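1. Next one to model:
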Amino acid sequence: MKNSVSLKALADNWPSPYVAREEIDRFTGGLLTAKYCANLDSQGRGIRGRIRCGRKIAYPTRSVVEFMESRSSALDND
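-> So this is what the prediction gives:
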């Protein structure tokens, strides 16, 4: 059984409603990297709602949190 994890504090503490792909590592504390996100985007499996501003890609902070929560589970200390 998957134990849910809440990561909403990440978005609450981020100063912008978007996270630039280059900043995804800092936003997630190293759990996601820019290269990993770019690879997922190229496969059509990336974070929802991405935008392009010039040559830069950014993701809505809430979408990043939802993406991470959907792939996270709490581990029991057995």
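
2. Flag the shaky bits of the protein, pLDDT-wise.
-> Within the chain, the segments meeting pLDDT under 70 span 1-2, 77-78.

3. how about 90 then?
-> Judged by pLDDT under 90, the chain has its weakly predicted residues at 1-10, 72-78.

4. Show me where it has its helices.
-> Chain-ordered helices for the chain, with DSSP state H as the definition, fall at 8-13, 24-28, 34-42, 61-70.

5. Quick check: buried residues in the first one?
-> To tie it back to what came earlier, the one meant is helix 8-13. The neighbour-count check on helix 8-13 (16 or more other CB atoms under 10 Å) flags 10-11 as buried. Just so you know, the C-beta spots here come from the backbone N, C-alpha and C atoms, and that holds for glycine as well.

6. Now find how far off-centre it is within its chain.
-> Shown here is helix 8-13, whose average C-alpha point lies 11 Å from the average C-alpha point of the whole chain (CA atoms, centre = their mean, to the nearest Å).

7. One more: the last one?
-> From the chain centre to the centre of helix 61-70 is a distance of 5 Å (CA atoms, centre = their mean).

8. tell me the angle of it relative to helix 34-42?
-> Between the axes of helix 61-70 and helix 34-42, defined by axes from the mean of the first three to the mean of the last three CA atoms, to 10 degrees, the angle is 90 degrees.

9. Helix 61-70: which residues count as buried?
-> Applying a neighbour-count criterion of 16+ other CB under 10 Å, the buried positions in helix 61-70 are 61, 63-68.
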